[in-house]
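> 3D, please:
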Amino acid sequence: MKKNRKNPLYESFGYAFEGIWTGICKERNMKIHCLAIILVTLAGTFFNITATQWCICLLLFALVASLELVNTAVEAVVDLVTEEKKPLAKIAKDTAAGAVLFAAIISVIIGCIIFLPYLLKLFGIM
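Model (predicted):
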């Protein structure tokens, strides 16, 4: 009987990085999330936000990007299984997309809470 051997750890990391890269290169929404990450990072650097605020931003970056990757995976699996329009396939795809949207909306709200005071101060409103 043949033993199931796992891939070496470095190969597993390689597959994971390949998945991230594929998501960035092939998914429009992932490109938008990456642009948002870059812009928020630039704003955070410009405004010299606190370590706590950086941690919050980093967690939100990870949350939204990870959900987008999972959404992509769900869509790929559903498309692999069926090309027909099926109610359960629609639920799977729509709820995965909804998870990303929900996280993105909450991230924008939190971003406003973090960055609005800096912007108001910059423009002399506060």
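
> Does anything pack onto the top helix by length along the chain? Which helices or strands?
Counting residues, the longest helix found in the chain (DSSP state H) is helix 87-122. Contacts defined by 3 or more Cβ pairs under 8 Å, 6 or more residues apart in numbering; DSSP states H and E place helix 87-122 against helix 28-47, helix 51-81. C-betas here are computed from N, CA, C, even on glycine.

> Next, the buried residues of that helix.
89, 92-93, 96-97, 99-100, 103-104, 107, 111, 114-115, 118 (16 or more other Cβ atoms under 10 Å).

> what's the angle from that helix to helix 28-47?
Helix 87-122 and helix 28-47 are oriented at 20 degrees to each other (axes from the mean of the first three to the mean of the last three Cα atoms, to 10 degrees).

> starting at the chain centroid, how far to helix 87-122?
Average the C-alpha atoms of helix 87-122, do the same for its chain, and the two points are 10 Å apart (Cα atoms, centre = their mean, to the nearest Å).

> and that helix, average pLDDT?
When pLDDT is averaged over helix 87-122, the result is 97.

> Then stretch 8-19?
pLDDT averaged over stretch 8-19 gives 94.
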